[in-house]
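A.B. asks: take this sequence and fold it.
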Amino acid sequence: MQSQSGTGLDPSLGIQAQQEQAAAQAAANGAQQDQQTYAQALAAAQQDTKAAIQQSAQQYAQQLASLQQAGGANRNATGGGPLVAGGGGSVSTAPAGSTFSDNFAGGIDPSKWGYNYPWSDACDTSGNSDATQYAAYASPACSGQPNPFSTGANGLDIAINSGNVAGKPAYTGQLYSKQAFQYGYFEETAKLPTTTGTGAAFWLMPQDGSWPPEIDVMENLGQDPSKVYSTLHDTGGAAQQQVASNVSGGSGSGFHTYGMDWQPDTTTFYVDGKATGSMATPASMHQPMYMILSMNSSPPGNTNWGSSINTSQPVNDSYQIKNVNVYATNPYGP
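C.D. replies: So this is what the prediction gives:
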């Protein structure tokens, strides 16, 4: 009979005891093997989970990049510019139903806006006879002139500052829309200047360069920020129809909306979404017109419109425009 000394069994035990010891050892070996199998399975599961998480993270990153790229394409298609603009990180999104929209994210879009007037040179300083000029300071042709235009988190800023440019004591800027419109609802969100002798305007002039007519959606006088003026200039250029609207809290203390619903029969003006006056649309205004955004100042001794600018102290103010939107129909309803 073979010796049991090499099996790990105690030879001093009886056959039954040795069998029981062998069974116990086998059970222990099986348990150890099961533990090793469990540990291996657990490690494999953990590795699979880690790989799945990494794969999910990669897929999410790819999807996010794809969405950001698509969003940038959509913004550029609507003239909204890139994702990050003016340090504010704002995104240009056109309101539903709008036919034109700009919040100036990414700067002044040259496909939407031009400088000065559409029928004059961008650097022409002779187009305005008052104490300021309307000029394309940001244009390459005007590299020797200061730039009154800037964009940021609050949209477009048109500054007015003291400075001898073309023999005038102040400088500022003006934009016109590259697109002409005939009828629709026009609206801007803006904060207006409050310096005596300065003013801002959101207005329209005919595409063919004729004058009159002229539609002033909003004009303000810096010395009276409690009001804005909306005017239809017909034959002769006089303000035949005008409405003065109160601005709650003042036009220079915060942003307000200034709008106009221009239709073939009537033209209605709005402040902060509320109608302030309605008048018959003159026949001369049944034609395409450009939108214009401008700053201005009145010369010393002015007796025509507003108060004179004080040239004994520096002028430093601005017209801040958060957005400009045009709709085919009035978004506030009839």
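
A.B. asks: measure the residue lying closest to Trp119 once chain neighbours are set aside to Gln174 for me?
C.D. replies: Using C-beta to C-beta, 6 or more residues apart in numbering and skipping the chain neighbours, the partner closest in space to Trp119 is Gly209 (4.5 Å). Quick note: C-beta positions are derived from backbone N, CA and C, even for glycine. Gly209 sits 15 Å away from Gln174, going by C-beta to C-beta, to the nearest Å.

A.B. asks: what does stretch 314-325 contact?
C.D. replies: Stretch 314-325 is contacted by residues 94-95, 98, 100-104, 154-162, 170, 186-195, 197-198, 200, 202, 222, 255, 291, 293-295, 297, 309 when judged by C-beta atoms under 8 Å, 6 or more residues apart in numbering.

A.B. asks: please apply the same query to stretch 226-246.
C.D. replies: Under C-beta under 8 Å, 6+ apart, the answer for stretch 226-246 is 192, 211-221, 247, 250-251, 258, 260, 267, 269, 271, 276-277, 279-282, 284-285.

A.B. asks: hmm, back to that, Gly209 and Gln174: who's more crowded?
C.D. replies: Gln174 (24 against 11; other C-beta atoms under 10 Å).

A.B. asks: quick revisit: any chance of a ChimeraX selection covering the buried ones in the contacts of stretch 314-325?
C.D. replies: Restricted to buried positions by 16 or more other C-beta atoms under 10 Å, the ChimeraX selection for the contacts of stretch 314-325 reads:
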select :94,98,100,101,102,103,104,154,155,156,157,158,159,160,161,170,186,187,188,189,190,191,192,193,194,195,197,198,200,202,222,255,291,293,294,295,297,309
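
A.B. asks: mind listing the strands for the stretch 51-200 of the chain?
C.D. replies: Along the stretch 51-200 of the chain, counting by DSSP state E, counting those that start in this stretch, strands occupy 98-102, 113-115, 149-152, 155-165, 168-171, 174-181, 184-191, 198-206.

A.B. asks: mind giving me TSV with those and columns for distance to Gly236 and mean pLDDT?
C.D. replies: Output for those, formatted as TSV (distance: least, C-beta to C-beta, whole Å; pLDDT from 0 to 100):
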stretch	distance to Gly236	mean pLDDT
strand 98-102	30	95
strand 113-115	28	90
strand 149-152	33	92
strand 155-165	29	86
strand 168-171	28	76
strand 174-181	23	95
strand 184-191	24	98
strand 198-206	15	95
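
A.B. asks: can you redo those as JSON lines with distance to Thr231?
C.D. replies: Formatted as JSON lines, those follow (distance: least, C-beta to C-beta, whole Å):
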{"stretch": "strand 98-102", "distance to Thr231": "22"}
{"stretch": "strand 113-115", "distance to Thr231": "23"}
{"stretch": "strand 149-152", "distance to Thr231": "26"}
{"stretch": "strand 155-165", "distance to Thr231": "20"}
{"stretch": "strand 168-171", "distance to Thr231": "24"}
{"stretch": "strand 174-181", "distance to Thr231": "18"}
{"stretch": "strand 184-191", "distance to Thr231": "14"}
{"stretch": "strand 198-206", "distance to Thr231": "9"}
